[in-house]
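Chemist: Model the structure of this input:
(chains A, B, C and D)
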Number of protein chains: 2
Amino acid sequence: MFELDIRSRKPIYEQLVERLKELIITEVLKTDEQLPSVRTLAQQLTINPNTIQKAYRELETQGYIYSIKGKGSFVSPANDSQNKEKLLKVKNDLMKLLSEAMYLGITANELIKMIREIHVSIGGGIENDQN
Amino acid sequence: MFELDIRSRKPIYEQLVERLKELIITEVLKTDEQLPSVRTLAQQLTINPNTIQKAYRELETQGYIYSIKGKGSFVSPANDSQNKEKLLKVKNDLMKLLSEAMYLGITANELIKMIREIHVSIGGGIENDQN
DNA sequence: TTAACTGTACTATGAATCATAGTACACTAC
DNA sequence: GTAGTGTACTATGATTCATAGTACAGTTAA
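Modeler: Next up is the predicted model:
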């Protein structure tokens, strides 16, 4: 399903959270789509099921997936009730990173260009999809 | 000088790196300005000198400060030779975070507004300062 | 030179975290 | 029931984090 760097200082379960979040955000994994079971994914990635479970638990805490005992784990709808908290956190992180980027010399125009690119690849098809 | 959260899961030295980077980026600490010595800062923050040293070493690796044995640690000039690597890393992080932000519903307009704010507070007075 | 300050490099210890292994239980679907 | 899900434990070893202590090299000023 994807690659992990065992040697990295970043914990495996954090890499998992990051990669899965990407797949959800880019809608490779769609709303209510079922994720691989902890045991299946553990076997595929040759890592321990507990590590997968830790990643899934974290994703559930962050509101990106939901789990049903006996059934499986699934992608949460994009606009859920936890979004406000997440938004605050992300905005805070963004301010820091944008400050650093501009300190390092990235221009406002470059940033706006990046935003447009993402807008096309992520939100482009959604913007006009409202009823 | 500033506050640290001892209970946080985030290591103290990482918090130090983050806070000092902020002070450098916002130019509260200016180029070639001397930082507190490892022992002094350790005493002020009631933490171990080794922890301060670890943070300073990390900041030096990242190119934000330089240290001279026997003299002290100082803020590096903003535009040094390591900027290109830093820029690549920051751009990469920015793409991820911007994607997440837009997935969560932040609009392009909001982002542009944030960029303008930072532009004013950081780069505002510099833009016209070229010879 | 001496004293007091800087950065830097070690070793050692205890606490916490990470990943693994193994076991167990509750729930769902067939 | 059987086989598949999620979930919750315990235990172990490796690694990381923060501390403590010691030591050495360079700078500065008396």
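Chemist: what sits against the residue most central in space within chain A?
Modeler: For chain A, the residue nearest the mean C-alpha position is A:K21 (1.6 Å; CA atoms, centre = their mean). Contact analysis of A:K21 by CB atoms under 8 Å, 6 or more residues apart in numbering or on different chains lists A:L59, A:Q62, A:Y64, B:E100. Heads up, the C-betas are built off the backbone N, CA and C, glycines and all.
Chemist: count of residues packed around A:E117?
Modeler: 14 (other CB atoms under 10 Å in any protein chain shown).
Chemist: Only alpha carbons, please: show the helix or strand where A:M114 lies as CSV.
Modeler: Assigning secondary structure by DSSP states H and E places A:M114 in helix A:108-118. Extracted C-alpha coordinates of helix A:108-118, given in CSV (Å, rounded to 0.1, in the frame of the first residue of the first chain):
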residue,chain,number,x,y,z
ALA,A,108,4.0,35.9,-1.4
ASN,A,109,3.6,35.2,-5.1
GLU,A,110,5.2,31.8,-4.8
LEU,A,111,3.0,30.9,-1.9
ILE,A,112,-0.1,32.0,-3.8
LYS,A,113,1.0,29.9,-6.7
MET,A,114,1.3,26.9,-4.4
ILE,A,115,-2.2,27.5,-3.0
ARG,A,116,-3.6,27.6,-6.5
GLU,A,117,-2.0,24.3,-7.4
ILE,A,118,-3.4,22.6,-4.4
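Chemist: Check which helices and strands that helix sits against.
Modeler: When contacts are defined as 3 or more CB pairs under 8 Å, 6 or more residues apart in numbering or on different chains; DSSP states H and E, helix A:108-118 packs onto helix A:83-103, helix B:83-103, helix B:108-118.
Chemist: what residues does that helix touch?
Modeler: Under the criterion CB under 8 Å, 6+ apart, residues A:98, A:101-102, B:91, B:94-95, B:98-99, B:102, B:108, B:111-112, B:115-116, B:119 lie in contact with helix A:108-118.
Chemist: if you set the cut-off to 7 Å instead, what comes out?
Modeler: Outside helix A:108-118, the residues that touch it by CB atoms under 7 Å, 6 or more residues apart in numbering or on different chains are B:L94, B:M95, B:L98, B:S99, B:M102, B:A108, B:L111, B:I112, B:I115, B:H119.
Chemist: That one versus helix B:83-103: what angle between them?
Modeler: Relative orientation of helix A:108-118 versus helix B:83-103 (axes from the mean of the first three to the mean of the last three CA atoms, to 10 degrees): 50 degrees.
Chemist: Now do helix A:108-118: distance to the chain's middle.
Modeler: Offset of helix A:108-118 from its chain centre (CA atoms, centre = their mean, to the nearest Å): 21 Å.
Chemist: For that helix, buried residues please.
Modeler: Neighbour counts over helix A:108-118 (16 or more other CB atoms under 10 Å in any protein chain shown) mark A:A108, A:E110, A:L111, A:M114, A:I115, A:I118 as buried.
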